[in-house]
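> From the sequence below, what's the structure:
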Amino acid sequence: MKEKTSDVTPTRGKGALESMLAGLRAKLADRLIEPGHRTGRILDIGCGPQPYFLLNIAFSEKHGLDQAIMEADQQRFLDKGVHLKKYNVEETRKLPFPDQYFDVVTMLAVFEHITPVFLPQVIKEIKRVLRPGGLYILTTPAAWTDVLLRTLAQLRLVSSTEIDDHKDTYAPAKIIALLEKGGFSREKIDCGFFEAFMNIWAKAEKH
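Residues are numbered from 1 along each chain as shown. The predicted structure follows:
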């Protein structure tokens, strides 16, 4: 029996605003990437079986990891220049790539889905696979939005599946501390808000 591709929505579960929010995250991350990095490789961790961000960004070589990826998803996007792998960052300590392989690594609305105890090791691995001068870019909901997001999930505006899977909440200082624990230097970390202070972005450069 032929394997079916996974759901084509940008997130798990259903929510009327999910596609719009995925688009806003993608545009924000795209703006944070300097043109000089785009001639190399990008890795999007937690890209989903429908790698929205990778499909809508200009880059020489694109890779994505997600635990929900199926073999059919890999084949479906290969001709679009997107290389996908099934991978769970909490089950395997080492990313399946050599040292200094990527110019950019992104995690868009993924940070909050990782069990906190695993985050320092995940960040160390991200730093390992980045070349010197490479960028790690992440987005995550601001801590104060937790109750709001759960209300929106009840109204079916955002995915209850995604919200129920949140492992922790974050503020800029907490994100910066985790990035430092993972090996990034404080002077190479920038952090800010977007979407009316509802979401946080962070960018760390490997020195």
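> how distant is stretch 58-70 from the center of its chain?
Distance of stretch 58-70 from its chain centroid, counting by C-alpha atoms, centre = their mean, to the nearest Å, is 10 Å.
> quick one, helices of this protein?
18-32, 52-55, 71-78, 119-129, 146-154, 160-164, 172-181 (DSSP state H).
> Tell me the bridge partners for Ile189.
Applying DSSP bridges to Ile189 yields these beta-bridge partners: Ala204.
> Roughly how far does it sit from Asn56?
Distance check for Ile189 against Asn56: by C-beta to C-beta, to the nearest Å, it reads 26 Å. Just so you know, the C-beta spots here come from the backbone N, C-alpha and C atoms, and that holds for glycine as well.
> repeat for Met107
For Met107 relative to Asn56 (C-beta to C-beta), the value is 17 Å.
> ok, the closest residue to Glu180 other than its chain neighbours - how many residues close by?
Leaving aside its chain neighbours, Glu180 sits nearest to Arg186 (5.8 Å; criterion: C-beta to C-beta, 6 or more residues apart in numbering). Using other C-beta atoms under 10 Å, Arg186 is surrounded by 10 other residues.
> same thing with Asn199?
By other C-beta under 10 Å, 20 other residues sit near Asn199.
> Which pLDDT does the model give it?
Looking at Asn199, its pLDDT is 97.
> who's in contact with Phe59?
For Phe59, the contact set (C-beta atoms under 8 Å, 6 or more residues apart in numbering) comprises Arg38, Gly40, Arg41, Ile42, Val104.
> tell me the pLDDT at the spatially closest residue to the third one that is not a sequence neighbour?
Residue nearest to Arg41 in three dimensions, not counting chain neighbours: Glu61, with 4.3 Å by C-beta to C-beta, 6+ apart. On the pLDDT scale, Glu61 is placed at 96.
> Glu61 contacts Asp44, correct?
No - counting by C-beta atoms under 8 Å, Glu61 stays clear of Asp44, with 12.0 Å between them.
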